[in-house]
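**Student:** okay, sequence plus prediction incoming.
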Amino acid sequence: MEISVLGAAKQVGRSAFLLKGDKTRVLLDFGVLLGREPAFPVHVKPKDVDGIVLTHAHLDHSGATPLFFLSNGVELHATDLTLELTRLLIEDFIKISGFYLPFEYLELMNMLRRATGVSLNGESQIGEFKVKFLEAGHIPGASIVRLDNGKQSVLYTGDFSADDTNLLRSALTDWDEPDVIITESTYATADHPAREDVEEEFVAYLKEVVEQGGVALVPAFSVGRAQEMACVLKNKGFPYPVAMDGMALKTNDLLMRHQEYLRDADLFRRSLGNLDIIRSWGERRRIVKQPSVIISPAGMLVGGASVFYTNEIARTSKNAICIVSFQVPGTPGRTLLEKGITLINGRPRKVKAEVRRFDFSGHSGRSTMLDIFKKIKGSPKVLTVHGEAESCIKFAQDLKELGMESNAPDAGDKLEV
């Protein structure tokens, strides 16, 4: 068996790995690196791939998959919810970045026609490989995937969280004895604070902002994070207006049809009933002048309605922008967080509103990850990916100290098993 690293090597973005068995070649994710111009993984020809497995819908894992469907395409396997959310995100990606993309809406539709939806914690078959989808706890529909051809097995974590949230159950981390593990390393050098403490601090701060007559913007990923924020505010009895805008509203509709993926479907339904739904520019201009909390994509301020809200809210010191999502280097959200600068009327300006970060992560932290790997049986080879260089390298070193053969690969590296 051979594994080729096509992306997510010492960076968060463009996750892609090619697994070659005796007769079958399976691509594990094929995402993009988001920025002014999207960047793609190492190229692989569609004729050299028999099937694609998507772990989840985020564009850094799914965004380049339509490239394989310029003609007839190949097999695509994912959970049924991941397929619906992937369509939602890539449609929006085409609208925003279509000029830079080597595919169009037609290829997306062709991809979805070739797709096989798998149930929660279900299985499928691609050639010689049995593929098992384990709940990942990262976003709705996300999976940790295990591929087994009867001789060897590979476990690919995608992105995962082993902690319960208001919205999702924790990841399934009984991984048996895989021969190879490809693991994310996003927060492999740091632990997260206790989620309950973060929620209390978040809600208390939002109350303070609104009670002082301010507007608090919560830029949030449309899939998962926006809904989690709404659930937190409902669960904590937040007494002031909460609005939601953008593509998160379409995600809400999908989750209502797939409530089996949610930890507490009743809380989710009640949180939606608590929202002021924003669907027009007139409503946006109204809500941005009213003391309230606005939850809106995009989570990294790359497009979406949150760009409009940031432009308005950043001008006033009593307002606040609450960063609740991971910010990839080079994105407007990362620039805002590190330098307090954003574009106002097209020009870089220092933000007057307070910018504060809250650690609502969809990824496991260092101690949790080490505890999971300590329980793994056998002697798997481990590739540490999907993290900034420091995280990937440090986690590989940590795993070596546990007696595992581990490596933080570069793009283009190959592993023989």
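**Tutor:** Sure, I can see it.
**Student:** which strands and helices lie in contact with the one helix or strand residue 131 maps to?
**Tutor:** Secondary-structure assignment from DSSP states H and E places residue 131 in strand 129-135. With contacts taken as 3 or more Cβ pairs under 8 Å, 6 or more residues apart in numbering; DSSP states H and E, strand 129-135 sits against strand 75-79, strand 123-126, strand 143-148. (Glycine included, C-beta is placed from N, CA and C.)
**Student:** now do the buried residues in the second one.
**Tutor:** To tie it back to what came earlier, the one meant is strand 123-126. Buried residues in strand 123-126, defined by neighbour count with 16 or more other Cβ atoms under 10 Å: 124, 126.
**Student:** contacts for that strand next, please.
**Tutor:** Residues from elsewhere that reach strand 123-126 (Cβ atoms under 8 Å, 6 or more residues apart in numbering): 24, 26, 50-51, 53, 75, 77, 116, 118, 130-133.
**Student:** residue 334: which of the residues you listed is nearest?
**Tutor:** If you rank these by distance to residue 334 using Cβ to Cβ, residue 53 comes first, at 29.4 Å.
**Student:** can you tell me which residues contact that closest one?
**Tutor:** By Cβ under 8 Å, 6+ apart, the contact list for residue 53 reads 26, 27, 28, 29, 77, 78, 126, 131, 145, 147, 156.
**Student:** ok, now how distant is it from residue 245?
**Tutor:** 33 Å (Cβ to Cβ, to the nearest Å).
**Student:** next one: residue 124
**Tutor:** Using Cβ to Cβ, we find residue 124 at a distance of 36 Å from residue 245.
**Student:** just the strands in the stretch 251-400 of the chain please.
**Tutor:** If DSSP state E, counting those that start in this stretch is used as the criterion, the strands of the stretch 251-400 of the chain fall at 275-277, 292-296, 320-323, 341-344, 347-350, 354-357, 381-385.
**Student:** quick one: which of these is nearest residue 240?
**Tutor:** strand 292-296 (6.3 Å).
**Student:** neighbouring strands of that closest one in the sheet, and parallel or not?
**Tutor:** strand 215-219 (parallel), strand 242-244 (parallel) (DSSP bridges).
**Student:** for these, which one ends up most surrounded?
**Tutor:** Counting by mean count of other Cβ atoms under 10 Å, strand 215-219 has the highest mean neighbour count of the strands paired with strand 292-296, with a mean of 28.
**Student:** so for the helix or strand that comes right after it, what gets flagged as buried?
**Tutor:** Using DSSP H and E, the helix or strand that directly follows strand 215-219 along the chain is helix 225-235. Going by neighbour count (16+ other Cβ under 10 Å), the buried part of helix 225-235 is 225, 226, 227, 228, 229, 230, 231, 232, 233, 234.
**Student:** quick one, domains of this structure?
**Tutor:** 2-190+362-416, 195-357 (automatic domain parsing).
**Student:** save the contacts of strand 123-126 as JSON lines, and put in distance to residue 10 too.
**Tutor:** As requested, the contacts of strand 123-126 are exported to JSON lines (distance: Cβ to Cβ, whole Å):
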{"residue": "24", "distance to residue 10": "28"}
{"residue": "26", "distance to residue 10": "23"}
{"residue": "50", "distance to residue 10": "28"}
{"residue": "51", "distance to residue 10": "27"}
{"residue": "53", "distance to residue 10": "23"}
{"residue": "75", "distance to residue 10": "30"}
{"residue": "77", "distance to residue 10": "28"}
{"residue": "116", "distance to residue 10": "32"}
{"residue": "118", "distance to residue 10": "31"}
{"residue": "130", "distance to residue 10": "31"}
{"residue": "131", "distance to residue 10": "27"}
{"residue": "132", "distance to residue 10": "28"}
{"residue": "133", "distance to residue 10": "27"}
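**Student:** where does the protein have low pLDDT?
**Tutor:** In the predicted model of the chain, no residue satisfies pLDDT under 70.
**Student:** centre-most residue in it?
**Tutor:** The centre of the chain sits closest to residue 58, judged by Cα atoms, centre = their mean, with a distance of 4.5 Å.
**Student:** could I get the contacting residues of that one?
**Tutor:** By Cβ under 8 Å, 6+ apart, the residues touching residue 58 are 31, 89, 139, 159, 221, 223.
**Student:** what is the neighbour count of the nearest residue to the third one once chain neighbours are set aside?
**Tutor:** Residue nearest to residue 139 in three dimensions, not counting chain neighbours: residue 224, with 3.5 Å by Cβ to Cβ, 6 or more residues apart in numbering. By other Cβ atoms under 10 Å, the residues close to residue 224 number 27.
**Student:** kindly report the same for residue 369.
**Tutor:** For residue 369, using other Cβ under 10 Å, the count is 26.
**Student:** can you tell me which residues contact it?
**Tutor:** Contact partners of residue 369, counting by Cβ under 8 Å, 6+ apart, are 183, 187, 188, 395.
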